[in-house]
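Trainee: What shape does this take:
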Amino acid sequence: MIYVRKAEERGHANHGWLDSWHTFSFADYHDANFMGFSALRVINEDVIDGGQGFGTHPHKDMEILTYVLSGTVEHQDSMGNKEQIPSGEFQIMSAGTGVRHSEYNASATDPLHLYQIWIIPERKGIEPRYAQRRFDDVKGRQFVLTPDERDGSLKVFQDMTLSRWVFAEGESDEVTVEAGRRVWIQVVKGLVSVNGEQVGSSDALAIWDESALSIKADSDAEILLFDLPPV
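Mentor: Alright, predicted model coming up:
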């Protein structure tokens, strides 16, 4: 089964300094049909004005991933980290027993475009931690998050993986899906077809009860593929 989550059907909130699209219920956007997908709880696509951002606020018992598409994030947290995350980098933070942090656009003039993704951890009470990494563009599957940090990926405390694919137009790949697993594909940019379903930038696919996926790039494209545990 493949369900297409069109970009324009997501929840939307424009706060002036923040233009945010919510894949799943978040803040004032509530849809009982979109409370999450397996261990995925939040996928927000945000554009933040220059000099603006999120002041210090708390999190607990959540794996929080940021992927910067353009611009630079200025991050500070209660673990003592004060970092900048430039375009193309991923940052993971385990909120665990509790953490406070702030996130701002490091530029006073240029907009910041990012995905913020929340993943429910396998257990509560994890010791808070922070990591960030840039991954080179490579052909084929590139692991970004795994439980065992395989192939230089970042660690995640959940039985899931996140892979990044960068395709040139006309390239294709195949993915085998283990029985019972769920897959979420988020299109970062471009046009791709998955088992014949064509989707574009900011669209997504929720996939279950499929044993194999055929992915074809109908233009230069980039996708994020989440391999998730059974519900």
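
Trainee: Give me the phi and psi for the closest residue in space to residue 77 that isn't next to it in sequence.
Mentor: Once flanking residues are discounted, residue 77 sits nearest to residue 101: 3.7 Å by C-beta to C-beta, 6 or more residues apart in numbering. Where you see a C-beta, it was placed from the backbone N, CA and C, and this is true even at glycine. Backbone geometry at residue 101, expressed as degrees, to the nearest 10, gives phi -150, psi 160.

Trainee: Report the contact partners of residue 101.
Mentor: Counting by C-beta atoms under 8 Å, 6 or more residues apart in numbering, residue 101 makes contact with 56, 57, 59, 75, 76, 77, 78, 93.

Trainee: and the nearest residue to the last one once chain neighbours are set aside, bridged to which residues?
Mentor: Using C-beta to C-beta, 6+ apart and skipping the chain neighbours, the partner closest in space to residue 93 is residue 64 (4.7 Å). Taking DSSP bridges, one finds residue 93, residue 118 as the beta-bridge partners of residue 64.

Trainee: Residue 64 - how many residues pack around it?
Mentor: Number of residues near residue 64 (other C-beta atoms under 10 Å) recorded here: 20.

Trainee: check contacts around it.
Mentor: Per C-beta under 8 Å, 6+ apart, neighbours of residue 64: 92, 93, 94, 95, 116, 117, 118, 119.

Trainee: Quick check: the farthest pair among those residues?
Mentor: Greatest spacing in the contacts of residue 64, by C-beta to C-beta: 94 and 116 (14.7 Å).

Trainee: Among those two, which residue is more densely surrounded?
Mentor: Using other C-beta under 10 Å as the criterion, residue 94 and residue 116 rank with residue 94 on top: 23 against 19.

Trainee: so the more buried one touches residue 65, yeah?
Mentor: No - using C-beta atoms under 8 Å as the test, residue 94 is too far from residue 65 to be in contact (10.4 Å).

Trainee: give the contact list for residue 80.
Mentor: Residue 80 touches nothing, counting by C-beta under 8 Å, 6+ apart.

Trainee: In JSON lines, list the contacts of residue 64 along with pLDDT and distance to residue 207.
Mentor: Output for the contacts of residue 64, formatted as JSON lines (pLDDT from 0 to 100; distance: C-beta to C-beta, whole Å):
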{"residue": "92", "pLDDT": "98", "distance to residue 207": "23"}
{"residue": "93", "pLDDT": "97", "distance to residue 207": "27"}
{"residue": "94", "pLDDT": "97", "distance to residue 207": "27"}
{"residue": "95", "pLDDT": "97", "distance to residue 207": "28"}
{"residue": "116", "pLDDT": "98", "distance to residue 207": "22"}
{"residue": "117", "pLDDT": "98", "distance to residue 207": "17"}
{"residue": "118", "pLDDT": "98", "distance to residue 207": "20"}
{"residue": "119", "pLDDT": "98", "distance to residue 207": "17"}
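
Trainee: Might one say that residue 197 is in contact with residue 2?
Mentor: Yes - in this structure residue 197 lies within contact range of residue 2 using C-beta under 8 Å: 5.5 Å.
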